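Participant: turn this into a model:
(one chain, ligands or ions: 1)
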Amino acid sequence: MCGIVGAAAQRNVLGILVEGLKRLEYRGYDSAGVALLDSDQQLQLRKTVGKVAGLEEAIAAEPATGQIGIAHTRWATHGKPTQANAHPHTSANIAVVHNGIIENYQEIREQLIAKGATFVSETDTEVIVHLINDLVSGGKDLFDAVVAATEQFEGAYALGVISADDPDRLIGARSGSPLVVGVGIEENFIASDQMALRQVTDRFIFLEEGDLVEVTTNGVTILDKDKNRVVRKISRITDADEAADKGEYRHYMQKEIFEQPKVIGNTLQGRIGKTAVLEEAFGTEAKAIFDRTRAVQIVACGTSYHAGLVAKYWLEEWAGIACSIEVASEYRYRRFVVSPDTLFVTISQSGETADTLAALRLAKESGYIAGLTICNVPNSSLVRESDLALMTNAGPEIGVASTKAFTTQLTALQLLTIVLGRRHDLTADREQELIEALHQMPKLCEMVLELDKTIEKVSEAFADKHHALFLGRGVQYPVAMEGALKLKEISYIHAESYPAGELKHGPLALVDSDMPVVVVAPSNQLLEKLKSNLEEVQARGGELFVFADKDAGFSSDDNTTVINIPHVPDSLAPLIYTLPLQLLSYHVAILKGTDVDQPRNLAKSVTVE
Ligand code: G6P
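Facilitator: This next block holds a predicted model:
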């Protein structure tokens with residue numbers, strides 16, 4: 001998704017801006033651009049379709065320097081990925097970069113055209129820069145013009161603005177899309193994600209909804225949504241900058257898959273004792289909120305939604321607590337009924353997903369007890385706006401296809417199930433059993449990851465296929481859904497998932513030797529039923545790939561490949577069986593030569609709806 005970087009310094013900022021864009025590349029984008037004010041106070045603009053490396057080539061062909069500038073990676077929403085549609089957009093001496101969507105842009109565009117503005121792109125963003133220019137031409141100062149312009153916008157935006165007529169100021173605004181200020185020594189910055197600025201500072205101001213900011217080399221001035229001057233807290237980010245480095249791995253996704261034993265350990269650290277979950281981990285208010293909780297509503301998107309589906313099984317089966325779950329983009333646009341004493345739970349890797357955030361805001365006015373988020377990014381919007389937050393502590397996830405975020409979310413959701421369950425149907429003995437199993441998680445993950453070479457070999461059977469079917473039963477059904485999502489995201493093979501019992505109600509018609517059928521088959525009470533479902537596939541000449549408990553009694557033959565998984569406690573099976581499916585899609589994508597970390601058309605952090 002789009003990324004913004006801006007800088008005001010007493011040195012050439014071009015390198016800072018380009019490095020910032022590179023650090024945002026993982027979010028997914030299709031064009032990039034930069035605008036600088038050079039020493040003659042002329043706007044220097046460079047834009048290219050494609051990767052930041054292409055932008056660097058364009059800059060090398062026509063060098064530029066400047067001490068103030070803005071830069072952008074664009075993920076097309078309005079208008080194709082073309083040079084004309086790439087940001088920054090300009091009007092007279094003003095340049096703008098924008099994340100988000102201006103929903104009433106048509107109306108503003110018509111008004112501006114009537115006043116003589118000439119539009120050169122198909123974007124909604126271009127109205128922003130023409131409107132600011134119109135207000136400046138009418139006598140407003142640049143900052144006041146941005147303030148006045150934002151009053152006319154409906155939708156979501158994070159903005160960066162510079163002007164050749166006002167060469168010392170960089171203006172930013174945030175409403176619905178994240179923006180942070182990076183604080184340096186005699187230099188200051190803005191960015192859509194602090195990660196873009198980690199090479200220049202570790203001190204950040206996380207702007208709040210409706211904030212407007214003026215950034216110069218000397219300072220930062222912030223107006224809140226009511227246009228009052230405010231001083232916001234500066235946070236120091238002390239995380240190691242681990243995400244910038246792939247280490248020994250070929251792709252971030254591969255690195256993140258193999259990090260899972262360690263980061264699941266991080267999710268558990270400080271949250272579990274020998275025999276019980278430590279409730280304090282959820283925050284001081286948590287106890288009172290959990291005491292009141294009789295039901296749970298989960299809302300999330302993508303992979304995080306799949307984690308929520310698994311949690312529904314756990315919450316109902318182990319804790320005896322009613323749980324509903326819905327994708328955020330649906331939930332936010334329908335009338336829903338809130339049962340008494342329901343806790344609202346969002347799950348999100350980024351904490352910035354527009355639909356999930358909108359659902360939380362809606363929920364806050366709808367009579368839930370409180371909002372809890374399971375999230376991976378501290379200081380993200382979801383964390384700041386929720387009453388309770390349990391961080392997954394997975395570290396930055398760069399690969400667009402989510403891996404370690406999912407398994408750490410499951411780990412955190414298991415902790416939540418336990419603390420809620422102990423107030424309902426979960427006995428102390430069962431809690432102890434679950435905790436003992438959790439302590440084994442990192443080791444078991446390592447054992448399963450040792451199957452990498454075996455799975456690499458299995459992946460060969462998928463490389464020339466156009467479709468695949470993923471089957472699971474019970475709590476393994478969402479695991480099959482996540483497996484199918486991974487395969488389609490990064491290998492572009494059409495993959496569908498079904499509860500195995502539904503096979504005969506439709507998908508069986510698709511089964512033939514061209515349709516590999518992937519099955520997750522831990523040893524549980526549904527195993528025998530699953531085996532009968534698989535016979536239905538075998539009888540139609542389908543090719544089966546069964547990820548099965550080593551003691552479950554499956555054996556390979558001409559049409560069946562069995563990948564033996566070590567025996568694991570039932571409670572851990574959804575986490576453990578996810579890993580080989582991640583490896584499978586990774587290896588299929590390698591064989592197909594796709595862009596594993598930045599698959600086409602997808603974005604890491606979807607900050608527009
Ligand atoms: C995008 C990403 C997915 C992610 C989903 C939800 O589609 O590509 O990997 O699962 O957004 O994101 P969140 O940050 O809320 O978990």
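Participant: from residue 94, how far off is the residue of the stretch 51-200 of the chain found nearest the ligand?
Facilitator: Proximity of the stretch 51-200 of the chain to the ligand (Cβ to the nearest ligand atom) peaks at residue 75, 11.2 Å away. For the C-beta atoms, the positions are set from N, CA and C on the backbone; glycine is no exception. According to Cβ to Cβ, to the nearest Å, residue 75 and residue 94 sit 23 Å apart.
Participant: same deal with residue 139?
Facilitator: Distance, residue 139 to residue 94, using Cβ to Cβ: 15 Å.
Participant: which one of those two has more residues nearby?
Facilitator: More crowded of residue 139 and residue 94, by other Cβ atoms under 10 Å: residue 94, with 26 against 8.
Participant: where exactly do the helices run in the stretch 301-450 of the chain?
Facilitator: Applying DSSP state H, counting those that start in this stretch to the stretch 301-450 of the chain gives helices spanning 302-314, 328-331, 354-364, 381-385, 404-421, 428-449.
Participant: what are the buried residues along the second one?
Facilitator: Okay, so that is helix 328-331. 328-329, 331 (16 or more other Cβ atoms under 10 Å).
Participant: rebuild those residues as JSON lines, extending it with pLDDT.
Facilitator: Converted to JSON lines, these look like this (pLDDT from 0 to 100):
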{"residue": "328", "pLDDT": "97"}
{"residue": "329", "pLDDT": "95"}
{"residue": "331", "pLDDT": "96"}
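Participant: now for this protein, the helix or strand with the poorest mean pLDDT.
Facilitator: When each helix and strand of the chain is scored by mean pLDDT, DSSP states H and E, helix 527-539 comes last, with a mean of 83.
Participant: other residues contacting whatever helix or strand residue 257 lives in?
Facilitator: In the assignment (DSSP states H and E), residue 257 maps to helix 252-258. Here helix 252-258 makes contact (Cβ atoms under 8 Å, 6 or more residues apart in numbering) with 26, 243, 246-247, 249, 397-399, 401, 403-404, 449, 490, 579, 582-583, 586, 596-597.
Participant: cool, and stretch 229-236?
Facilitator: 183, 202-208, 211, 221-224, 379.
Participant: I'd say the residue of the stretch 51-200 of the chain closest to the ligand and residue 25 touch.
Facilitator: No - look at residue 75 against residue 25 with Cβ atoms under 8 Å: they stay out of range, at 11.2 Å.
Participant: for the two, indicate the residue with more neighbours.
Facilitator: Set residue 75 next to residue 25 and count neighbours by other Cβ under 10 Å: residue 75 wins out with 22 against 19.
Participant: and the pLDDT for that one?
Facilitator: The per-residue pLDDT reported for residue 75 equals 83.
Participant: ok, residue 298 next?
Facilitator: 98.
Participant: around it, how many other residues sit close by?
Facilitator: By other Cβ under 10 Å, 27 other residues sit near residue 298.
Participant: the helix or strand hosting it vs helix 302-314, what angle?
Facilitator: Using DSSP H and E, residue 298 sits in strand 295-300. Here the directions of strand 295-300 and helix 302-314 differ by 160 degrees (axes from the mean of the first three to the mean of the last three Cα atoms, to 10 degrees).
Participant: contacts for strand 295-300?
Facilitator: 307-308, 311-312, 315, 321-328, 331, 338-348, 356, 359-360, 363, 368, 420.
Participant: out of those, who's near the ligand?
Facilitator: 348, 356 (Cβ under 6 Å from any ligand atom).
Participant: buried ones among the contacts of strand 295-300?
Facilitator: For those, buried by 16+ other Cβ under 10 Å: 307-308, 311-312, 315, 321, 323-328, 331, 342-348, 356, 359-360, 363, 368, 420.
Participant: what residues are up against the residue in the stretch 501-609 of the chain positioned nearest to the ligand?
Facilitator: Nearest residue of the stretch 501-609 of the chain to the ligand: residue 606, at 4.7 Å (Cβ to the nearest ligand atom). Contact partners of residue 606, counting by Cβ under 8 Å, 6+ apart, are 1, 301-302, 353-355.
Participant: in a markdown table: the residues you listed, plus neighbour count.
Facilitator: Converted to a markdown table, these look like this (neighbours: other Cβ atoms under 10 Å):
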| residue | neighbour count |
| --- | --- |
| 1 | 27 |
| 301 | 23 |
| 302 | 24 |
| 353 | 28 |
| 354 | 23 |
| 355 | 23 |
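Participant: tell me the one of the residues you listed nearest residue 523?
Facilitator: Sorting the contacts of residue 606 by distance to residue 523 puts residue 302 at the head of the list, at 29.4 Å, by Cβ to Cβ.
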